[in-house]
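Enquirer: return a 3D structure for these sequence lines:
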Amino acid sequence: MRDSQTVLERPAFRVRLGEPTAPLVHLDFETFTQPLLVSVGVDVPDALDREIDLVDRTICDRGEYERITWTAKSTQWDKFYHLDVYRDRLEFHAEIFGNGTVRAVRFFETVPDSSFREHFALTKHFNDKLRTRARDYSRLSPAGFRTVFSPEPTTYGRQEFRPYERAQISVNADLDYQGGNLVANPGTLCFAVAARPEREWVTFGLRVPDGEYLFSDYEYAGGDGFGLHLESPGGRRVEGRAETPRVVMLAAAGAERALRSYVQAVYGPPPAREQPSWWSRPIVSGWGHQSYQGDLFRIRSSKDRKRDNAVYTLCAQPNYADIVQRLADRRVPWGTLVIDARWFLSAGLKDVDAGRWPDLRGFVDHLHAHGKRVLLWWGPWDPEGLPEDECVLHEPAGRPGKRGKWDELPSGARIAVDVTLPKVRERIRRQLHQVLGSGPGCFDIDGLKIDHVSATPGAEGMTFAPGSGRLSGIEAAKEMHRLIHRTAKEIKPDALIMGQSPNPYFADVLDMVRLGDIYTRNRDSVVDDMAFRARMARIADDGWLIDTDGWPLPSRDAFREYVVAQPALGVPSLYYATHLDTTGQALTGEDFALIRSAWADL
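Expert: Coordinates of the predicted model:
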């Protein structure tokens, strides 16, 4: 035991400790001091984890780092809080003892048990929906910083926040958060904070053991102070002992440099991977042309036209043959065609709609004969057409959830396929063999465009079939990608697997990361938004190829500017053959000349 005035000095920071049971530890960085509450709330489904007492503190030299350990007691667990002090960083986590299911983890904030009274014991609140938020009872850590940076792109394109605001990194989508975060699921699990942004940033990143990413959201939760939250709607079962993820804190000059340092410290160098030359050829997708023809954005339709499936029905062989011919007539030098949504009858069964695609194999063979490659759009989670015993089902929960990508679900609705069930895994393998294989009855497709990752099971109120592994959140997304990637490579070693998860945990299951969809509120330009997304993908893994995407583009000026900018960001991608779907403007000879010029050396 050291005395109560212990100070641990490191080149980039200093740790100051008060009395052994003092609730705060002070971290002195170059430009600010950050007091942190020594607390990790580990909530269970039916109760908040309330802090009873900090009992003791010890310090142990472990060679590579010094470990400061606090002994604590809460209403749900016996705990140790560990702060590991390395030369270049700090890592904080909780070690818990007991039995239960973890529903949420709250770092650096506490719900004191001594003054706790459940709101319903005082009065009935109509808005509580059976459960008051933990934040309404919490004591928070003071914010020593004035800016918070989040790496996950959103529709509003806002990446910096004030300390009292909220920021989110999620495998799912929250349509009420910054216009929706549908395009990078998940981003790198690291926030950065600064008191003087021109001088220094400090990370709040996560270190999580492989297989334990059993949460959907990582949130910076601001207010009159702040905390860091992990939401685990699917739960994590603890029997005896468990550890929470670790919060990694390190300092660097610049937010993006801090994120890069975090990735290097936690994940190390990216894996070596072979990249066939055809992977880098320009990409063409039919989705933008489908959207124009089906008038997705209601440019040419009556104002009272309701939502329909017209765009999906336009994924048809004659239409794609026409796209290919139109681009040939314009001498566009593309390399890979994406047959986009929806080439199947049932999204869960992945059964080709022979009415719209009477000869998919013949279409693919024709393109192969002309030196082209073909990818198929792939929604991994869609349960359409599958029996209930292969799916994660919805039962309304006793607390409000976020507003996700899909409409409100009725009781018993199928949320997603359950990737842990053997019969589901075998079905996916069969589907991939038919799509990627070259034998009789197969389509000889060259790879997949994985989309709708935000539909990963991670909602409130999930129920699982008997025998399920009960995976949800980021870990479920990783397992689905692992199954697809490994199976695809067994069938066709040079298959290209493209996804939308620019997170280093996905480095071994994706060959290419897509930057879109280009949801934005900027009409005149998308270059800054897309350049940011490309930088975030490279921070996650600088060995990934990047599909720059190309839909939806908000104006012809934005389209032209982005055509020129794409090759510097990654592999260029074209979604239009005749018109922009967002404005109805026709592409001109000048536009196609611009494309030919931008792609000339690719």
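Enquirer: what pairs with the helix or strand bottoming out on mean pLDDT in the chain, and is each one parallel or antiparallel?
Expert: Among the helices and strands of the chain, strand 462-463 carries the lowest confidence by mean pLDDT, DSSP states H and E, at a mean of 92. Applying DSSP bridges, strand 462-463 is found paired with strand 391-394 (antiparallel).
Enquirer: right, and the helix or strand after the partner strand?
Expert: strand 414-417 (DSSP states H and E).
Enquirer: buried sites along that following strand?
Expert: 414-417 (16 or more other CB atoms under 10 Å). For glycine as for every other residue, the C-beta is placed from the backbone atoms N, C-alpha and C.
Enquirer: ok, stretch 361-378 next?
Expert: Buried, per 16+ other CB under 10 Å, within stretch 361-378: 361, 363-364, 367, 372-378.
Enquirer: now swap in stretch 22-34 and tell me
Expert: Result for stretch 22-34 [16+ other CB under 10 Å]: buried residues 23, 25-29, 31-32, 34.
Enquirer: now what about the helix or strand hosting Val248, what contacts it?
Expert: Following DSSP H and E, one finds Val248 within strand 246-249. Residues from elsewhere that reach strand 246-249, judged by CB atoms under 8 Å, 6 or more residues apart in numbering: 27, 84, 89-93, 107-108, 190, 202-208, 228, 262, 265-266.
Enquirer: distance from the chain centre to it, please.
Expert: How far strand 246-249 lies from its chain's middle: 19 Å, per CA atoms, centre = their mean, to the nearest Å.
Enquirer: which is the succeeding secondary structure element to it?
Expert: strand 251-252.
Enquirer: so which elements touch that next one?
Expert: strand 201-207, helix 255-267 (3 or more CB pairs under 8 Å, 6 or more residues apart in numbering; DSSP states H and E).
Enquirer: any idea how far it is from the middle of the chain?
Expert: 24 Å.
Enquirer: quick one: strands adjacent to it?
Expert: When pairing is defined by DSSP bridges, strand 251-252 lines up against strand 201-207 (antiparallel).
Enquirer: tilt between the strand it pairs with and helix 255-267?
Expert: 30 degrees (axes from the mean of the first three to the mean of the last three CA atoms, to 10 degrees).
Enquirer: so for strand 201-207, mean pLDDT?
Expert: Per-residue pLDDT over strand 201-207 has a mean of 99.
Enquirer: do stretch 111-121 as well
Expert: On average, stretch 111-121 scores 76.
Enquirer: so where's the longest helix in the protein?
Expert: For the chain, the helix with the greatest residue count under DSSP state H is helix 473-491.
Enquirer: ok, the residue nearest to the spatial centre of the chain - contacts?
Expert: By CA atoms, centre = their mean, the mean C-alpha position of the chain lies nearest to Pro186, the distance being 1.2 Å. Taking CB under 8 Å, 6+ apart as the criterion, Pro186 is in contact with 152, 169-171, 218, 474, 477, 501, 503.
Enquirer: same question for Arg596.
Expert: Contact analysis of Arg596 by CB under 8 Å, 6+ apart lists 330-333.
Enquirer: what number of residues lie near the residue lying closest to Glu95 once chain neighbours are set aside?
Expert: Closest residue in space to Glu95, ignoring its immediate chain neighbours: Phe80 at 4.3 Å, by CB to CB, 6 or more residues apart in numbering. As a burial measure, Phe80 scores 17 neighbours (other CB atoms under 10 Å).
Enquirer: isn't there a helix covering Arg560?
Expert: Yes - Arg560 sits within a helix when classified using DSSP: H, G, I helix; E, B strand; the rest coil.
Enquirer: kindly provide the distance from it to Phe344.
Expert: Computed as CB to CB, to the nearest Å, the Arg560 to Phe344 distance reads 34 Å.
Enquirer: comparing the two, which residue is more hemmed in?
Expert: Comparing Arg560 with Phe344 by other CB under 10 Å, the one with more neighbours is Phe344, at 24 against 18.
Enquirer: surely Ile491 is in contact with Gly437?
Expert: Yes - look at Ile491 against Gly437 with CB atoms under 8 Å: they come within range, at 5.7 Å.
Enquirer: between these two, which one's more packed in?
Expert: Ile491 (18 against 15).
Enquirer: residues contacting the nearest residue to the more buried one once chain neighbours are set aside?
Expert: In this structure, Ile491 finds its nearest non-sequential neighbour in Leu436, 4.5 Å apart by CB to CB, 6+ apart. Residues near Leu436 by CB under 8 Å, 6+ apart: 442-447, 488, 491-492, 495.
Enquirer: got TSV for the residues you listed, with distance to Glu212 too?
Expert: TSV is the format used below for these (distance: CB to CB, whole Å):
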residue	distance to Glu212
Cys442	37
Phe443	37
Asp444	38
Ile445	34
Asp446	34
Gly447	30
Ala488	26
Ile491	30
Lys492	32
Ala495	29
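Enquirer: between those, which is nearest Arg429?
Expert: Closest approach between those and Arg429, by CB to CB: Ile491, at 9.0 Å.
Enquirer: how about stretch 477-488: buried residues?
Expert: The neighbour-count check on stretch 477-488 (16+ other CB under 10 Å) flags 477-481, 483-485, 487-488 as buried.
Enquirer: what's the answer for stretch 377-394, then?
Expert: By neighbour count on 16+ other CB under 10 Å, the buried set for stretch 377-394 is 377-383, 386, 390-394.
Enquirer: so how far is Asp541 from Arg207?
Expert: Counting by CB to CB - Arg207 and Asp541 are separated by 17 Å.
Enquirer: for Thr463, which non-adjacent residue is spatially closest?
Expert: That would be Leu393: by CB to CB, 6+ apart, it lies 4.7 Å from Thr463.
Enquirer: for that neighbour, give the beta-bridge partners.
Expert: Arg414, Thr463.
Enquirer: my guess is it contacts Gly412. True?
Expert: Yes - counting by CB under 8 Å, Gly412 is a contact partner of Leu393 at 5.9 Å.
Enquirer: tell me where the stretch 201-350 of the chain has strands.
Expert: 201-207, 217-222, 226-243, 246-249, 251-252, 283-285, 336-339 (DSSP state E, counting those that start in this stretch).
Enquirer: what's the closest of the ones you listed to Gln178?
Expert: Using CB to CB, the strands of the stretch 201-350 of the chain put strand 217-222 closest to Gln178, at 12.4 Å.
Enquirer: so what touches that closest one?
Expert: 109, 135, 143, 148, 150, 161-172, 174, 186, 189, 191, 204, 206, 226-231, 458.
Enquirer: so what touches the least confident helix or strand of the chain?
Expert: 233-234, 392-395, 415, 472.
Enquirer: mind checking the pLDDT average for stretch 522-541?
Expert: 97.
Enquirer: export that stretch as PDB, just CAs?
Expert: Only the C-alpha atoms of stretch 522-541 are listed here, as PDB (Å, rounded to 0.1, in the frame of the first residue of the first chain):
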ATOM      1  CA  ASN A 522     -25.200  18.700 -48.200                       C
ATOM      2  CA  ARG A 523     -26.600  19.300 -51.700                       C
ATOM      3  CA  ASP A 524     -23.600  20.800 -53.400                       C
ATOM      4  CA  SER A 525     -20.800  18.500 -52.400                       C
ATOM      5  CA  VAL A 526     -20.200  15.100 -50.700                       C
ATOM      6  CA  VAL A 527     -16.400  15.100 -51.000                       C
ATOM      7  CA  ASP A 528     -15.600  16.200 -47.500                       C
ATOM      8  CA  ASP A 529     -18.000  13.700 -46.000                       C
ATOM      9  CA  MET A 530     -16.600  10.800 -48.100                       C
ATOM     10  CA  ALA A 531     -13.000  11.800 -47.500                       C
ATOM     11  CA  PHE A 532     -13.700  11.600 -43.800                       C
ATOM     12  CA  ARG A 533     -15.200   8.200 -44.100                       C
ATOM     13  CA  ALA A 534     -12.200   7.000 -46.200                       C
ATOM     14  CA  ARG A 535      -9.800   8.300 -43.500                       C
ATOM     15  CA  MET A 536     -11.700   6.500 -40.800                       C
ATOM     16  CA  ALA A 537     -11.600   3.200 -42.800                       C
ATOM     17  CA  ARG A 538      -7.900   3.500 -43.300                       C
ATOM     18  CA  ILE A 539      -7.300   4.200 -39.600                       C
ATOM     19  CA  ALA A 540      -9.200   1.000 -38.800                       C
ATOM     20  CA  ASP A 541      -7.100  -1.000 -41.400                       C
END
